[in-house]
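In: I'll drop the sequence and a predicted model, then ask my questions.
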Amino acid sequence: MKYYSHGKLLLTAEYSVLDGATALALPTRLGQYMTVETTSSNQIQWKSIDSNQTTWIDCSLDFSFNLIENRGTPLSLIDSLINILKAVDSLAPGFYGNGVTVCTELEFDRHWGLGSSSTLIANLADWLAINPYHLLKDTFGGSGYDLAAAKASKPILYQRNKTTPKVEEIDFLPPFADQLFFLYLNQKQNSRSAISSFRQKQTLAQTDLNQISQLTKKIVVATTQEQFNALLVEHEEITAQFIGQTPVKKRLFEDFSGQLKSLGAWGGDFVLVSGNSDSPAYFKSKGFATIIPYNKMILSA
């Protein structure tokens, strides 16, 4: 049995999506495969392979989720896997049968923040026909937009609603998409930590949520890059106010002639670049080597 889920990027409503703002989420062309084989081994055999074909998790567990054999995996990763499998077992008791071998394979760099966790949750839910949002709640937490993007064939509008969110697939391919890029900041962000920090600050007022939702809808229909950039700036300024952080352009690239927008947890992972054909050279001159054109990153259907 083989399963597949797409990675994700959150273009709008970062943080505010947690409180019900409408978000624009983009499924990526790269994702994660999961292959499942039933056995009679009385064990759960697990192997995870990264985008460089390097094994980063390799272990065997018993049906009480005790470690039988560790083949070179950091214990922190095994502990995380065990916690996920315990949550799976609470929703699909005895899912392992008489034994099972699971192999996952990432198509993107697992440090990029494109959803190594969310694609795993989505694949597990597919395999066992369980509600992925229930499984997310019992494991990593978050808004769930990444699970919706994992199974989307093109960009989506996402609004959180407990375990049955509102998801709408839309056509979103700006006429200036060839001037858009995704820049990796070389700093993997922990979404759970970012959410926890945000939650300690405040819950957003309905007026804030409405404002972000309206910006999302305007960004979707923007027809010129000038209009699009102005909306990005407005979104960055509003979000900066309620999370108490400095927008990435002001913080790192004040002399950049185009516009930048943080995606997901601020401070690392990818940012959106709205620039021109010279933009990749600018960022590479600053020491940022990973910059990917929009059309090579995003699944637009």
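Out: On my side now, so go ahead. Numbers count the residues shown, from 1 in each chain.

In: And the strands in this protein?
Out: Applying DSSP state E to the chain gives strands spanning 2-10, 23-38, 44-49, 55-61, 67-70, 100-106, 156-159, 166-169, 180-184, 259-262, 270-274, 291-293.

In: ok, residues contacting the first one?
Out: What it means is strand 2-10. Judged by Cβ atoms under 8 Å, 6 or more residues apart in numbering, the contacts made with strand 2-10 from elsewhere in the structure are 17, 23-36, 107-108, 114-115, 118-120, 122-123, 126-127, 145-146, 149-152, 182, 263-264, 270, 297-299. Glycine gets a C-beta too; all of them are placed from N, C-alpha and C.

In: same question, the third one
Out: Contacts with strand 44-49, where a contact means Cβ under 8 Å, 6+ apart, come from 39, 55-63, 65, 81, 85, 96, 99-106.

In: Mark which of those residues are buried, thanks.
Out: The neighbour count (16 or more other Cβ atoms under 10 Å) marks 56-61, 63, 65, 81, 85, 96, 99-106 as buried among those.

In: the longest helix in the protein is where?
Out: Ranked by residue count and defined by DSSP state H, the top helix of the chain is helix 225-243.

In: Same question for that helix: list its buried residues.
Out: By 16+ other Cβ under 10 Å, the buried positions in helix 225-243 come out as 225, 228, 229, 231, 232, 235, 236, 239, 240, 242, 243.

In: excluding its backbone neighbours, what's nearest the first one?
Out: Leaving aside its chain neighbours, residue 225 sits nearest to residue 176 (4.2 Å; criterion: Cβ to Cβ, 6 or more residues apart in numbering).

In: For residue 218, give me its contacts.
Out: residue 231.

In: Distance of the closest residue to residue 237 other than its chain neighbours relative to residue 267?
Out: Excluding the flanking residues, the one nearest residue 237 by Cβ to Cβ, 6+ apart is residue 247, at 7.0 Å. Residue 247 sits at a distance of 11 Å from residue 267 (criterion: Cβ to Cβ, to the nearest Å).

In: now swap in residue 157 and tell me
Out: 25 Å.

In: who has more neighbours, the two?
Out: Neighbours of residue 157 and residue 267, each counted by other Cβ atoms under 10 Å, are more numerous for residue 157; the result is 22 against 16.

In: Test my guess that the more buried one contacts residue 171.
Out: No: assessed by Cβ atoms under 8 Å, residue 157 is found out of contact with residue 171, at 11.2 Å.

In: Contacts only, for residue 95.
Out: 88, 89, 128.

In: rerun at 10 Å
Out: For residue 95, the contact set (Cβ atoms under 10 Å, 6 or more residues apart in numbering) comprises 36, 44, 63, 85, 88, 89, 124, 127, 128, 130.

In: Tell me which of these fall in helices.
Out: Using DSSP H to define helices, the subset of these located there is 85, 88, 89, 124, 127, 128.

In: pLDDT score for residue 256?
Out: As summarised for this prediction, residue 256 has a pLDDT of 97.

In: Please tell me how far residue 104 sits from residue 208.
Out: 38 Å.

In: try residue 67
Out: Using Cβ to Cβ, residue 67 is found at 46 Å from residue 208.

In: These two: which has the busier surroundings?
Out: Between residue 67 and residue 208, counted using other Cβ under 10 Å, residue 208 has the larger neighbour count: 18 against 15.

In: sorry, back to before: got the angle between the longest helix of the chain and strand 270-274?
Out: 150 degrees (axes from the mean of the first three to the mean of the last three Cα atoms, to 10 degrees).

In: Mean confidence (pLDDT) on helix 225-243, please.
Out: Mean per-residue pLDDT for helix 225-243: 95.

In: Likewise for stretch 158-171?
Out: Regarding stretch 158-171, the rounded mean pLDDT is 91.

In: By neighbour count, which bits of that stretch are buried? Give me those.
Out: By 16+ other Cβ under 10 Å, the buried positions in stretch 158-171 come out as 158, 159, 160, 165, 167.

In: Tell me the spacing between the closest residue to residue 266 other than its chain neighbours and residue 290.
Out: Once flanking residues are discounted, residue 266 sits nearest to residue 245: 5.2 Å by Cβ to Cβ, 6+ apart. Using Cβ to Cβ, one gets 22 Å for the distance from residue 245 to residue 290.

In: Cool, thanks, talk later.
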